[in-house]
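Colleague: let's see this in three dimensions:
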Amino acid sequence: MPTKTESTTLVITRVFDAPPAHVFEAWLDQEQWQAWIGPEGIDCDVTLLERRVGGRYRLLMHLPDGETLPVAGIFKVIEPHVRFAFTWGREGEARDSLVTVTLRDLGGKTELTLRQEGLPTAASRDSHAEGWSSALNELAGYLAVA
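Modeller: Predicted structure coming up:
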């Protein structure tokens, strides 16, 4: 469950029934990321994923109302099977947040901690908490059949 504090930093911890290598690849392989990324009920197209520090990614979220939300960022850290970090924000906007995902091996399972810093308001944090929680539900379903 998301941790809500007075700050605008979001922290979500989840355990997945898959080893860290599988969870890592689900995030950093373009085809796999596209298979699950996005909140439940929202289709996303991952149009770019450059898997390296300094590499870019871009995805298009197709919202139920017909709007398309372009999200883009840059990978800041990539430590295989352990941790990765990337900026996250609407493409073209000056403000980006930083998402850091840490993976901890629990003997064949993985504890994933997602930390998003730099959100502008508590309301934005709470909105992102809903979106990421839903997306992590999608990831759990993807890993169960992958």
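Colleague: pull out the buried residues from the longest strand along the chain.
Modeller: Assignment by DSSP state E gives strand 68-79 as the longest strand of the chain. If you call a residue buried by 16 or more other C-beta atoms under 10 Å, then strand 68-79 has these buried ones: 71, 72, 73, 75, 78. For glycine as for every other residue, the C-beta is placed from the backbone atoms N, C-alpha and C.
Colleague: list the buried residues of stretch 107-121.
Modeller: Of all the residues in stretch 107-121, those buried under the rule 16+ other C-beta under 10 Å are 110, 112, 114, 115, 116, 117, 119.
Colleague: gap between the two ends of it?
Modeller: End-to-end distance for stretch 107-121: 37 Å, by C-alpha to C-alpha, to the nearest Å.
Colleague: tell me how far the residue nearest to the spatial centre of the chain lies from residue 60.
Modeller: By C-alpha atoms, centre = their mean, the chain has its centre lying nearest to residue 132, at 6.6 Å. Counting by C-beta to C-beta, to the nearest Å, the separation of residue 132 from residue 60 is 18 Å.
Colleague: what about the longest helix in the protein?
Modeller: In the chain, with assignment by DSSP state H, the single longest helix is helix 122-145.
Colleague: low-confidence stretches in the chain?
Modeller: For the chain, the stretches with pLDDT under 70 are 1-6.
Colleague: any idea which element the residue of it most remote from its centre lies in?
Modeller: Within the chain, the residue lying farthest from the chain centre (C-alpha atoms, centre = their mean) is residue 107, at 23.0 Å. Per DSSP states H and E, residue 107 falls between elements, in no helix or strand.
Colleague: do the same with residue 64
Modeller: Residue 64 belongs to no helix or strand when assigned by DSSP H and E.
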